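*Asks:* What shape does this take:
(chains A and B)
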Amino acid sequence: MNAIFQKVYDFVDERIGLKTLEAKLMNEPIKGGSRWAYVFGSCLLFIFIMQAITGMLLMFYYIPSADHAYASTQFIIHEVDYGWFILSYHFWGSSAMVVMVFAHMSQVFLWGAYKKPREMIWLVGLVLFVIVMAFGFTGYLLPWDQRAYWATTVGVEIMDKTPIVPGQMTLSRFFVIHVMILPAALMGLAGLHLFFFRSAGPAGPFRGTTEELKAKTDFFFPRQVWKDIVAMAAVFMIICTLAFIEPVQLLEQATPDPGEYHPEPEWYFLFLFQMLRWKIFSGEFGQFLGAIAIPGLFLLLLAALPFIDRSPERNIFKRPIALLSWTVVMIGIVVLTVSAILNREFLD
Amino acid sequence: MGSVQPKIKSKVRCVDGEVGEVAHVIADPLSLDVSHIVVRANGTERQVPVSAIGAVRDDAVQLTCNVAQFSGFPELEREDYVSSKEVEIPHLEDRIRVEPGEVLVPLPVLEKNCARRSFFAGFIKVIGALIGLPLVWPVLRFIMKPMYVPYDNHWIKIGNISKIKTDDVGVQYIFKKSFKDSVLEREEDKNHWLVKASPETLKKIYRHGDITFYDEKGAVVWVNNQTVPYVAFSGKCPHLGCGYKWRSHKTRGQVFLCPCHLSIYDATGMVLDGPAPRSLDVLPIKVAASGDIEIIDVEYKAGKKEQVRIA
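*Replies:* Numbers count the residues shown, from 1 in each chain, chains lettered A, B, ... in the order given. Predicted structure coming up:
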């Protein structure tokens, strides 16, 4: 058996240089050594692969038609063996993806890893961030229940100025964007992100002398791979646990009357949702400001960051403005999200 | 000494004579500068720090030491180094222009312990298996849903026997079948073939005795017997599932003929010619006093010698 495997390996190696490729992939020196802080990117890749697998499985039974989307999702939950688990894994996986994107971006920001020569990695990463949020938004409509319908109605009213009502054509568009366009874009850009990362090399810790860094240096394989896979297993267990404890339950099928239901987006959009309830974002201009201009400007600011912040200093404790900004943004998001949750009480 | 660019195979001279040639160049993985050259001399490879290099000319490297001092430099421990072909250091070869593969980089101290390396590799595989294996069964069951949909055993009225005028002739009955297909309520045109069998034909069809039909648990659903002279054949060709017809054949006369791969069956359903592995499939049949025909739309897997019920 081993002999056959070796023969196949040698055959491939002779033609495409498998051994060199393998060595190049695994023997990447990590300045200052492997760390738990570096697992977020790998975890994102893992979560995405699992989302792709569970997503493909869901498509075996899901019917993207306004008449059947709801029934086929119920069918997945109630009729197909383990369908409830696959759907719930996909649902919680999307939340895990968003959490992990925030962790990954925060780590890169705090470590100053967006600075020269890693600006390109950062820029592609920002596009990937937008894609992840778009995944969440488009996936939300697909079950065609009340939650889906209203979150999408509000979202579409904000972003699309054309007069449309969510119907079959919206569902079809969201479906194609969610299962074809975004995955293709994410796979291509994640590949580019990794290529740029390998071209520039890992940034390493933000403090320590050359001698210290050299002494702690190890290769990507095996210690970092080991940390990555332990983190992936933890993420996997958490998502599975959530899927078991809180499996997806659909609300009523979508209708243009919300009834007793108080429409609300997915938790990671709650801060934006809550912002739009503020007085200063009332009126047509206010709405544009809160929903488009401010998030847009924030993204532009992030994109411009490596070009504005050109000091080579990477130590977060010597970058007070950066540390303060990160803290303010994080507190802002948490406060807005919590107040959106507290506001629920006023609705009953 | 960042700009030192010794060439591979350059002659290496000490102050008092030539000692050998440059075999490798060793680079510092952090600064990407040359830290040592490796000199091959009399079958040994010695590591000379760049600080001992006086000058680098076109084809020669001039050392500042003498031959005796040169012999004092340590021999290269090759296993403590990896070549630039085996390691991914961005821009390493942009900075040091020697032939690719000849640049050596010191193996990190942490990577020298082979035992732990294989321990980690094993651990990684175990964790990978812990993530992957629990998913195998749920995913298989999830995908296999169509395989455990229960059989449809309800009787469907497909027409009246008054349509049949002659014995031992295939007559097509087209009917509408409503059924639940995942969440869809669908209606499909289906067709089966009926033969009003003459006593000899009936005897041939029942040559193995009564024909019994089972559900997925193996319980008997229905038994056809010779008291009913009408026989219903499933409209699905047992070869590969095409729709066959009652046709006139040049040499064999009136036969069931499948247009796809030219399987030919007689009025008893037996294979006369062609690639079909078994006779036409008989369906459960009931004929009422009024002449109304009811069947159960049993479906078998095509291409098999034995009947394997699939619906």
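
*Asks:* got the CA positions of stretch B:140-159 in PDB?
*Replies:* Extracted in PDB, the C-alpha atoms of stretch B:140-159 (Å, rounded to 0.1, in the frame of the first residue of the first chain):
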ATOM      1  CA  LEU B 140     -24.400  10.400   4.200                       C
ATOM      2  CA  ARG B 141     -27.900  10.200   5.700                       C
ATOM      3  CA  PHE B 142     -28.700  13.700   4.600                       C
ATOM      4  CA  ILE B 143     -27.700  13.000   1.000                       C
ATOM      5  CA  MET B 144     -29.500   9.600   1.000                       C
ATOM      6  CA  LYS B 145     -33.000  11.000   1.600                       C
ATOM      7  CA  PRO B 146     -34.300   9.900  -1.800                       C
ATOM      8  CA  MET B 147     -33.300   6.300  -0.900                       C
ATOM      9  CA  TYR B 148     -35.500   6.100   2.200                       C
ATOM     10  CA  VAL B 149     -38.700   7.700   0.700                       C
ATOM     11  CA  PRO B 150     -41.400   5.000   1.300                       C
ATOM     12  CA  TYR B 151     -42.800   3.100  -1.600                       C
ATOM     13  CA  ASP B 152     -46.100   4.300  -3.100                       C
ATOM     14  CA  ASN B 153     -48.500   1.400  -2.700                       C
ATOM     15  CA  HIS B 154     -51.800   3.100  -3.600                       C
ATOM     16  CA  TRP B 155     -54.000   1.800  -6.400                       C
ATOM     17  CA  ILE B 156     -54.300   4.100  -9.400                       C
ATOM     18  CA  LYS B 157     -57.200   3.800 -11.900                       C
ATOM     19  CA  ILE B 158     -55.600   3.800 -15.400                       C
ATOM     20  CA  GLY B 159     -58.600   3.100 -17.700                       C
END
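
*Asks:* quick one: contacts of it?
*Replies:* Residues from elsewhere that reach stretch B:140-159 (Cβ atoms under 8 Å, 6 or more residues apart in numbering or on different chains): A:57, A:60-61, A:79-83, A:86, B:173, B:175, B:177, B:179, B:192, B:215-216, B:221, B:232, B:286, B:292-298, B:309, B:311. For glycine as for every other residue, the C-beta is placed from the backbone atoms N, C-alpha and C.

*Asks:* Narrow those residues to just the buried residues.
*Replies:* Among the contacts of stretch B:140-159, those classed as buried by 16 or more other Cβ atoms under 10 Å in any protein chain shown are A:57, A:61, A:80-83, A:86, B:173, B:175, B:192, B:232, B:286, B:293-298.

*Asks:* Contact residues of the stretch 1-150 of chain A facing chain B?
*Replies:* A:20, A:23-25, A:27-29, A:31, A:33, A:57, A:60-61, A:63, A:68, A:71-72, A:74-75, A:79-83, A:85-86 (Cβ under 8 Å from any Cβ of the partner chain).

*Asks:* Mind pulling up the pLDDT for residue B:149?
*Replies:* On pLDDT, residue B:149 comes in at 87.

*Asks:* what about stretch B:168-183, average pLDDT?
*Replies:* Per-residue scores along stretch B:168-183 average to 95.

*Asks:* So what's the residue count around residue B:51?
*Replies:* Residue B:51 has 9 neighbouring residues, counting by other Cβ atoms under 10 Å in any protein chain shown.

*Asks:* Look up how far residue B:26 lies from it.
*Replies:* 13 Å (Cβ to Cβ, to the nearest Å).

*Asks:* try residue B:125
*Replies:* Residue B:125 is 34 Å from residue B:26, by Cβ to Cβ.

*Asks:* Show me which of these two is the more surrounded one.
*Replies:* residue B:26 (20 against 11).

*Asks:* Thought residue B:36 was touching that one, still the case?
*Replies:* Yes - the pair residue B:26 and residue B:36 qualifies as a contact (Cβ atoms under 8 Å) at a distance of 4.1 Å.

*Asks:* who touches both of the two?
*Replies:* residue B:47.

*Asks:* Would you mind naming the helix or strand containing residue 176?
*Replies:* With no chain named, the answer covers chain A. Using DSSP states H and E, residue A:176 falls within helix A:168-176.

*Asks:* oops, I was thinking of chain B
*Replies:* Using DSSP H and E, the element containing residue B:176 is strand B:170-181.

*Asks:* Provide the contact partners of that strand at residue level.
*Replies:* B:152, B:156-159, B:163-164, B:185-196, B:232-233, B:235, B:245-246, B:254, B:256, B:267, B:293, B:297.

*Asks:* picking up where we left off before, take the residues of the stretch 1-150 of chain A next to chain B and keep only those in helices.
*Replies:* Using DSSP state H, the subset of the residues of the stretch 1-150 of chain A next to chain B located in helices is A:20, A:23-25, A:57, A:71-72, A:74-75, A:83, A:85-86.

*Asks:* Can I get those in TSV including pLDDT?
*Replies:* Output for these, formatted as TSV (pLDDT from 0 to 100):
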residue	pLDDT
A:20	90
A:23	91
A:24	90
A:25	91
A:57	98
A:71	96
A:72	97
A:74	97
A:75	97
A:83	97
A:85	98
A:86	98
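
*Asks:* Now, of the residues you listed, which are buried?
*Replies:* A:23-24, A:57, A:71-72, A:74-75, A:83, A:85-86.

*Asks:* And chain B, split by domain according to the record?
*Replies:* Per the record, chain B has its domains at B:11-111, B:114-146, B:151-296, by automatic domain parsing.

*Asks:* pLDDT below threshold where in chain B?
*Replies:* B:1-3, B:99-101, B:113-115 (pLDDT under 70).

*Asks:* what residues are up against the residue of it found nearest chain A?
*Replies:* In chain B, no residue comes nearer to chain A than residue B:120, which is 3.4 Å away by Cβ to the nearest Cβ. The contact partners of residue B:120, by Cβ under 8 Å, 6+ apart, come to A:222-223, A:225-226.

*Asks:* Tell me which stretches of the stretch 201-311 of chain B form helices.
*Replies:* Read by DSSP state H, counting those that start in this stretch, the stretch 201-311 of chain B holds no helices at all.

*Asks:* which residue ranges form the strands in it?
*Replies:* All strands of the stretch 201-311 of chain B, identified by DSSP state E, counting those that start in this stretch, fall at B:211-214, B:220-224, B:230-234, B:245-249, B:253-257, B:264-265, B:271-273, B:282-283, B:285-287, B:292-296.

*Asks:* mind saving the C-alpha coords of the last one as PDB?
*Replies:* Yep, that's strand B:292-296 we're talking about. Extracted C-alpha coordinates of strand B:292-296, given in PDB (Å, rounded to 0.1, in the frame of the first residue of the first chain):
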ATOM      1  CA  ASP B 292     -62.000  -0.500 -14.700                       C
ATOM      2  CA  ILE B 293     -58.300  -1.300 -14.300                       C
ATOM      3  CA  GLU B 294     -56.300  -0.400 -11.200                       C
ATOM      4  CA  ILE B 295     -52.600  -0.800 -10.800                       C
ATOM      5  CA  ILE B 296     -50.000  -0.100  -8.200                       C
END
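
*Asks:* residues making contact with it?
*Replies:* Under Cβ under 8 Å, 6+ apart, the answer for strand B:292-296 is B:152-161, B:173, B:192, B:194, B:213, B:221-222, B:230, B:232, B:283-288.

*Asks:* ok, now with 10 Å
*Replies:* With contact meaning Cβ atoms under 10 Å, 6 or more residues apart in numbering or on different chains, strand B:292-296 is reached by B:151-164, B:173, B:175, B:190, B:192, B:194, B:213, B:221-222, B:228, B:230, B:232, B:234, B:283-288.

*Asks:* I'd like the distance from that strand to the chain centre, please.
*Replies:* Centre-to-centre, strand B:292-296 and its host chain are 43 Å apart (Cα atoms, centre = their mean, to the nearest Å).
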